[in-house]
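> Predicted model follows, preceded by the sequence.
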Amino acid sequence: MRLALYEPEIAGNVGAVMRLGACFGVDVDLVEPMGFAWDDRRVRRAAMDYIDHVSVVRHAGFEAFHQAVTPSRLILFTTKGRQSLHDFRFAPDDVLLFGKESAGVPEAVAQACDALVRIPIRPQVRSLNLAIASALALGEALRQTGTPTEGH
């Protein structure tokens, strides 16, 4: 299983997702362009010493990313998803994709995905923070697949 961020804009979110990947033994894919300089100290600060325990792959764009992760299923988490996170059946080699903080993903990217999944939240609010959504999605996907984390 992998976590993927499409054109992330906030360094702190990327750092938090990298830390999440490190803690659960899950690789992280970053689809460029990003909204900050990669060497930004905020990424390192958010990921802290966990940055040395996660594999991060940067991709020049969505097409390069999509080619690199095929044939794994690409599961997009979006507020436009019709299927709930809790009803979706994950597979151990799924790639969990999250859109940019301000705009999600373009329609062409959504159409290239194998499934559009939503995390149910109250209708009075718009969306979850990117790092929080990633953690909820990964937790449920790992629970369903019984994928062990390193050292367990």
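Structure received.
> hey, let's count contacts and neighbours off CA atoms from now on
Fine.
> quick one: the helices in the protein?
Ranges of helices in the chain, per DSSP state H, are 11-24, 41-47, 62-69, 107-112, 130-145.
> deepest of these, which one?
Across the helices of the chain, averaging neighbours per residue (mean count of other Cα atoms under 10 Å) puts helix 11-24 on top, at a mean of 23.
> can you give me how far that helix is from the chain middle?
Remark: helix 11-24 is offset 10 Å from the chain centroid, using Cα atoms, centre = their mean, to the nearest Å.
> Counting by contacts, list what it packs against.
Judged by 3 or more Cα pairs under 8 Å, 6 or more residues apart in numbering; DSSP states H and E, the packing partners of helix 11-24 are strand 27-31, helix 41-47, helix 130-145.
> Compare the helices of the chain and give me the one nearest Q83.
When the helices of the chain are compared by Cα to Cα, helix 130-145 sits nearest Q83, at 12.9 Å.
> by how many degrees do that closest one and helix 11-24 diverge?
Here helix 130-145 runs at an angle of 20 degrees relative to helix 11-24 (axes from the mean of the first three to the mean of the last three Cα atoms, to 10 degrees).
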